[in-house]
Every structure is written in structure tokens, then in C-alpha cells.
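Participant: Test case, fold it:
(chains A and B)
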Amino acid sequence: MENFTNDTLNINSLPKFEEVNFSSLHKNYIKVVSINIAITLLIVAIGIGVLLYFDEELQSTTSYLIFGISYSVFALLVLFLSLAGVKRRGFAVREKDILYKRGLLSSTTTIIPFNRIQHVAMHEGFFSRMFDLAQIQIFTAGGGDVKISGIEKEKAENIKGLLMQKIQNEL
Amino acid sequence: MQIDFKTPQRQSITGIVVMFAETLQGVIRAMWAPLLIILFKLEPEKYILVGLSFLGIIILVGIVAFLKYRNFTFFLDEEKQEFVLSKGILNKSKINIQLSKIQQVNINQSIIQKIIGVYSLDIDTAGTDKKEISIRAIDQNLALLLKERLLDYGEKEEMLLDENQEVIPKEENIAKPFIKISYVTLFKVGITSKYGRTIAILITFLVTLFQTFKDAVDTFELDETQVDSVFEKGFGMISVVIIIFGILILVLFINIIRTFIKHFDFEMVRQKKSLVVTSGLFAKKNTLLNPFKVQITSFSQNFFQRKLRILDMNMKQASNDEVNEKQKKSNVIEVPGCESGERDAILKLILGKIPEKGQEFKPNFRYLLFKILFSVIFPILIFIVLSFTVIDDLYFYLPLVFVYLALVGFMIFYGFKNYRMYSNSEFIILKHGAWDVENEIIQPHKIQGITTKQYFWNKSADVGHLTLHTAAGDVHFHFGNFSEIKLLVNYWLYQVETSNENWM
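Facilitator: Below is the predicted model:
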């Protein structure tokens, strides 16, 4: 019980997660996301094109215009929102936990203490690899698994190494 | 045989066949619809073209399978006590697992694997994504050896655990029940709980029945007008009341039967540090409850239950028992209808003491606005739009609208009133529910991760959401004071990061 009063006194002087400086993702990651979205949009566009090609009722200038304009607006919107979302992401590694922040309309922060990490995986997408970027995935026993994309590969390796070392030291 | 796993190695060379089969399976699963269309609409002169493209796909799958095999390596880093697995062709992945975190190693064999004589080896940690760590083709000796090596590390700990685990029931050793639920209590539970679920079951049943009845009418070519008139005659005001009354009785009746079947002879026996729970009428279910493994403890009570002085308890355990998937569901252990004294005894056993409610946190009134927006304003808007456009005599249903409003109003008001979070240095208690008021109790050191969320339009009001991730699921507190939430988060992080207590 003695500890309890100590804790309540300390609560305001504890390290504050909300004041941590987040490092944003590597600027090249924007390019990776753009390429990925562009490819997806292109595939959908081809799909629509095939539909137009086979359905003769839709073959008129007005329908081309309608499809063309609405799809471009949609594509631009998707691209813009995704890139804005990427810019809002950030992560921070503290002494005893790792933080990940994201969200466009909201600001969502997930914090995972090192002593609750189960294992760590590193993924490198095809385009990410071209820019020397990687993704780190952190697994816990709870639902708050975290994936941080767009970290320089070397840095990602370091973070992963650090996390693994911390896990080991826990024992 | 001298094998070490220190250098990265590939799977069995025959594993290419497994990779091939699995990749092909994936391709077929993704493309079966277009494939079928192509096959059916095929014109004879295009046979060669289609044949060639199929051949092309097969070759491509072969190449993919080979590359998958080539890029898949695993090794044991003895120095760091890690198992490292790398895979992927275009998208590469590297997964490190601390040996001490490995909970289970399973060796399995599918049909294809059986044919070519290899095994798959799956590694389970308490982490959530299970498919990640699986070696698809490895020969038996190697698999057994690797399994042994992987589990070697944890052996010491496991031995210790085994000692504790001698509490598994021995017939002669059964002590006096810690808690025993009587028939009277079961009856009380039956008439007071889980109306919602029973009504849902009843509705499905009635719909099926109605469908069958209609089919029968159609088949036997009964005169529909006759049947209809029977319906109409009987449909006076009094009969409506009788029907509603009948349904109520039926719901209660079904509830009682369900409760008896599930919880018949419910007994909780205390054995050293764990509890053995047995219950069931037809199939007697036997569950071992280890207090350390309980992540969330909760009890709930509604108005009737409060009058009858009973409450329901739930203990959610960490869902790591993935021996078979079915067990996942039985990770919640339910105690139906215990008294407050019994509840306290269970709480004491699981949590070490009876949790006190700490500092109280209330939700912001925006919680009310949010609920009203989604369950009052939107539905009513839809109703108004419908009544002006599609259906004319919607006004006929106006009384129903008021019934709905009264019900929803009640739910929202009491939901808001009961929505609370309490926190002190040892326990976090979340209270919620309009009818069944539930108290969920979590010990801070069982937290696995924390997520906070704030929409930008709530920033100036200093309102935000909180999610606590535990090994038995997430727990939320919405629309709280964000400054307070942040303080709490920092405090809980401090507790988790400094505590040496095992969460499991």
C-alpha cells in the first residue's frame, strides 16, 4: 500500500508518450505508395476498359466522358488521401516501448512495451526494395499488432535487432 | 546423424512439389470463375491458344514454386537464441522468433506431403498471426530434431510449470466444491438472462417454420384465401396480446431449458492454485482454470438479477491453446448465477483480492450525441424519406416508431449512465451496458499494448478513445477526457514496463 501513494505522486512526472518526437517515414516511401496505388488504379481502369469494350450499349462519347471523368476524380482522391495518410504516419522507439502513430481524420497511437513483444518480422515489398525500404511487423499476444512501413532497410534491421535483443534481455 | 541448424538451410528438395501444388491451388482458387467461363465458351479453333496459355500458367507456377523453394531458408541462431526464417520472391520477409517465446511446435502432413513423404512444421507463439511461421516441406527426422531443438530452450520453464500442473483432477482427490450452482439458481438464471440470444434463435426458427408452412400450402394446393381468412379472423387485438404473451413464455421456457442443458450440475472445485469447472447435462464439460491465465474477469447483472440477487461471471483466458481451433471458444469460462459472496471468493482467488473501484472516469456527453445520431436521427431520417417517397401508408407504423424511440432512448440513457471506467494502481474496471450491466476487470500488467485515438473534431473538446489490448481481446473506453486518458496510459505503461509479474 505504501507504494500506492508514491505512484500517485509520480503520475504527472512519468514520461509522456504524447510528447515524444515521432520520426516520419522515409520520403521515398511516398513514391512506393504512389507506384502501388498507380498499379492498382491501372488494373481497375483496364477492367473498366474491358467492360466498355464488350458492352456495346455503353459505347458512346457521353459514357466515355462520364466514366473517364468520374474515374479520374476517384483516382486522384484515392491517391491524395493515401499520400496524406502516409505523411501522417510516424514511429518512435523509446527505451522500453515502441510507438506507432497514424490516421488521417483521427490521430491514432499504438504503444507496445518491449516486454510484451512475442516476435518480430521484417518484410520487403518489391518496390520498397528498389528504394531500399522495409516494413517491420511486431507481434504481441494481444490485438494491437503493429506494421510500420517505409523505414530504411538498415534502420529497420537495427530496430529489429534492438527489439530482439530487448526480448532476450527480458528473460 | 549430426545435423546442426546453425547455417541457413532450405527445405527438402521435394518441397518444390508441395510449393507447386500450393501455388497452383492458390491460382485456381483465385481464378476459377474466369477459367470456367473460358472453358464453357471455348470455340474449337481456339483450343490451341487456350491450351498453350494453360501450359504457360503451369510453367509459371513451376518457376514460382522453384523460387519459393530457393528463397525459403531457416536457421537457428544459437548465440541469440533465435529461430530465423526468410522467404519471399518479390516481397521478402524475414521473421525472427525468440526460442523462449515458442509455445508449440506442430508437425503435420497433408495429402500432397504424404505422397512425397515430407512433413510441415508449424511454430506457434502467443502472437496472433499463425500462418507466418510454417515450414512446408521437411523430412521427418529433421522435423523431429528441429522440434526438439526449438523446444529445448523452454524445457526448464516447462518443468517448473509441470509441477504446478499436477492439479489436474484425480478422481479420488476431489475436494469439496468451492462453488455449486443449485437448480433454483439455474432456474433464476434461465428466467433472467440472455433474452436477446433466445429471441434471435426463436426468430430464425419461426422463419424456417413459416417457410416450411408456405411450402406445404403451395405443395398441397390448399386454398390460400381460406388460410388467409383464418389468419385474419384470428387476428384481433386480444389475440395479438395472447401471441405476445405466448412468445414471452416461450422465450423464458427455452431460456430455462438452455441454461439447464449448459450448466447442469455446475461445480467449481478448488485444487491448489487452480479451479476445475465441471458442468453440462448431456455432455459433461471439464475445464481447468488457471488464475494466472485469466486476462479479463467480468461480472454482469441486470435489473431482474439484481432483485433475485444473482449475477453472471466470465473469466476470459489467454487464447494460446491452439491445440485445436475449437478450444478457442471455450476460453471463456462462465459462472452462471453466483451470489455476491461467491463472486467475491472467485475474485479473490483469481485477482488475489477483491478489486476496489479506483478513480472514476466518465464519458463526455458526446457519447450521447454519437449514439443519438446513429440510433435515432439516422433511422428516423430514413423513415421520413421512405414515408415521402416509396411507401404511402408508412404512417400506419407511427406507433411503432414511438415504441422504438422509447426503447432506444432507454438504452442510450442507461448505457451512458452506466458507462464508466475506474482505475487504481492494481485494477482497471470498465463498466458498461444498458440492461445487462457488465464490469470488466483487468490488471494493468496483463496489458499487451495500448491504442489511443482522437478525431480532429474532438481535439478542442479534449475527448478521445482508449483501447487496451489484452491476450483475451480488446477492451475499450470511448469518449473519455483525453488528458486524463493520456495520464493513465503513461501510468499503465510505467506499470507494464517495470513489472516483473508474468501476464501468463
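
Participant: Quick check: mean pLDDT of stretch B:405-414?
Facilitator: Mean pLDDT, computed over stretch B:405-414, is 92.

Participant: and what of stretch B:41-52?
Facilitator: Rounded mean pLDDT across stretch B:41-52 is 76.

Participant: what residues does that stretch touch?
Facilitator: Residues outside stretch B:41-52 that contact it (CB atoms under 8 Å, 6 or more residues apart in numbering or on different chains): B:Ile38. Glycine gets a C-beta too; all of them are placed from N, C-alpha and C.

Participant: cool, and stretch B:107-114?
Facilitator: Contacts of stretch B:107-114 with the rest of the structure, by CB under 8 Å, 6+ apart, involve B:17-18, B:21-22, B:118-122, B:136-137, B:140, B:143-144, B:147.

Participant: one more time with 10 Å, if that's ok
Facilitator: Stretch B:107-114 is contacted by residues B:12, B:14-15, B:17-18, B:20-22, B:25, B:115, B:117-122, B:134-138, B:140, B:143-144, B:146-147 when judged by CB atoms under 10 Å, 6 or more residues apart in numbering or on different chains.

Participant: Where does the closest residue to A:Ala156 other than its chain neighbours fall, secondary structure wise?
Facilitator: Spatially, and ignoring its direct neighbours in sequence, A:Ala156 is nearest to A:Ala134 (4.0 Å; CB to CB, 6 or more residues apart in numbering or on different chains). For A:Ala134, the host element (DSSP states H and E) is strand A:133-140.

Participant: hang on, the earlier thing: separate out the buried members of the contacts of stretch B:107-114.
Facilitator: Using 16 or more other CB atoms under 10 Å in any protein chain shown as the burial test, the contacts of stretch B:107-114 include B:12, B:14-15, B:17-18, B:20-22, B:118-122, B:135-138, B:143, B:146-147 as buried.

Participant: for chain B, where's the lowest mean pLDDT among helices and strands?
Facilitator: Across the helices and strands of chain B, the lowest-confidence element by mean pLDDT, DSSP states H and E is helix B:155-164, at a mean of 42.

Participant: What ranges does chain A have for its helices?
Facilitator: Counting by DSSP state H, chain A has helices at residues A:2-10, A:28-54, A:61-87, A:126-130, A:153-169.

Participant: want to throw those into a markdown table with mean neighbour count and mean pLDDT?
Facilitator: As requested, the helices of chain A are exported to a markdown table (neighbours: other CB atoms under 10 Å in any protein chain shown; pLDDT from 0 to 100):
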| stretch | mean neighbour count | mean pLDDT |
| --- | --- | --- |
| helix A:2-10 | 10 | 51 |
| helix A:28-54 | 14 | 90 |
| helix A:61-87 | 12 | 91 |
| helix A:126-130 | 18 | 91 |
| helix A:153-169 | 17 | 87 |
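
Participant: what's the burial count for A:Glu57?
Facilitator: Residues lying near A:Glu57 (other CB atoms under 10 Å in any protein chain shown) number 6.

Participant: Residue ranges of each domain in the chain, please.
Facilitator: Since you didn't name a chain, this refers to chain A. A:28-85, A:89-169 (automatic domain parsing).

Participant: actually chain B
Facilitator: Listed by automatic domain parsing, the domain ranges of chain B are B:15-153, B:182-263, B:290-363+B:419-498, B:366-416.

Participant: Could you tell me the least trusted of those?
Facilitator: Of all the domains of chain B, domain B:182-263 has the smallest average pLDDT, which comes to a mean of 75.

Participant: got the end-to-end distance for that domain?
Facilitator: Chord length of domain B:182-263, first to last residue, is 10 Å (CA to CA, to the nearest Å).

Participant: show me the contacts for the residue nearest to B:Lys101 when sequence neighbours are not counted.
Facilitator: Closest residue to B:Lys101 apart from its sequence neighbours, by CB to CB, 6+ apart: B:Thr125 at 4.8 Å. The neighbourhood of B:Thr125, defined by CB under 10 Å, 6+ apart, consists of A:118-119, A:139-141, B:97-98, B:100-104, B:132-133, B:320.

Participant: Now with 7 Å, please.
Facilitator: A:Gln118, A:His119, B:Ile97, B:Lys101, B:Ile102, B:Gln103 (CB atoms under 7 Å, 6 or more residues apart in numbering or on different chains).

Participant: coming back round to it: nearest to B:Thr389, of the domains of chain A?
Facilitator: domain A:28-85 (25.2 Å; CB to CB).

Participant: what about that closest one, start to end distance?
Facilitator: Start-to-end, domain A:28-85 (CA to CA) is 15 Å.

Participant: Using the three-state scheme, assign B:Gln448.
Facilitator: Secondary structure, DSSP: H, G, I helix; E, B strand; the rest coil: B:Gln448 is strand.

Participant: now the closest residue to it other than its chain neighbours: how far from A:Lys160?
Facilitator: Sequence neighbours aside, A:Gly142 is the residue nearest to B:Gln448 in space, at 3.1 Å (criterion: CB to CB, 6+ apart). As for A:Gly142, its distance to A:Lys160 is 20 Å (criterion: CB to CB, to the nearest Å).

Participant: looking at it, B:Leu275 is touching B:Asn286, isn't it?
Facilitator: No: the pair B:Leu275 / B:Asn286 is not scored as a contact, 11.5 Å apart, by CB atoms under 7 Å.

Participant: So those two - more neighbours on which side?
Facilitator: Shown here are B:Leu275 and B:Asn286; by other CB under 10 Å, B:Leu275 has more neighbours (24 against 12).

Participant: For B:Val240, see how far away the residue nearest to B:Lys101 is.
Facilitator: Remark: distance between B:Thr125 and B:Val240 (CB to CB) = 58 Å.

Participant: Quick check: chain neighbours aside, which residue is closest to B:Asn290?
Facilitator: Distances taken as CB to CB, 6+ apart put B:Ser274 closest to B:Asn290, at 4.9 Å, once the chain neighbours are dropped.

Participant: residues touching the one you found, list them.
Facilitator: Contacts of B:Ser274 by CB under 7 Å, 6+ apart are B:Val167, B:Leu288, B:Leu289, B:Asn290, B:Pro291.

Participant: Now it. Its backbone dihedrals?
Facilitator: Dihedral pair for B:Ser274: phi -120, psi 180, per degrees, to the nearest 10.

Participant: ok, it to B:Leu36 distance?
Facilitator: 55 Å.

Participant: before we move on, what about B:Ser100?
Facilitator: Going from B:Ser100 to B:Leu36 by CB to CB gives 50 Å.

Participant: Which one's more surrounded, the two?
Facilitator: Counted by other CB under 10 Å, B:Ser100 and B:Leu36 do not tie: B:Ser100 has more neighbours, with 17 against 10.

Participant: so when I look at the more buried one, I'm seeing a helix, right?
Facilitator: Yes: under three-state DSSP, B:Ser100 falls within a helix.

Participant: List the contacts of the residue of the stretch 251-400 of chain B found nearest chain A.
Facilitator: Nearest residue of the stretch 251-400 of chain B to chain A (CB to the nearest CB) works out as B:Ala318 at 6.5 Å. Applying CB under 7 Å, 6+ apart to B:Ala318 gives the contacts A:Ala141, B:Ala126, B:Lys293, B:Gln295, B:Ala471, B:Ala472, B:Met504.

Participant: For those, give me JSON lines that also has distance to B:Val217 and secondary structure.
Facilitator: As requested, the contacts of B:Ala318 are arranged in JSON lines below (distance: CB to CB, whole Å; DSSP: H, G, I helix; E, B strand; the rest coil):
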{"residue": "A:Ala141", "distance to B:Val217": "55", "secondary structure": "coil"}
{"residue": "B:Ala126", "distance to B:Val217": "56", "secondary structure": "coil"}
{"residue": "B:Lys293", "distance to B:Val217": "55", "secondary structure": "helix"}
{"residue": "B:Gln295", "distance to B:Val217": "53", "secondary structure": "strand"}
{"residue": "B:Ala471", "distance to B:Val217": "53", "secondary structure": "coil"}
{"residue": "B:Ala472", "distance to B:Val217": "49", "secondary structure": "coil"}
{"residue": "B:Met504", "distance to B:Val217": "58", "secondary structure": "coil"}
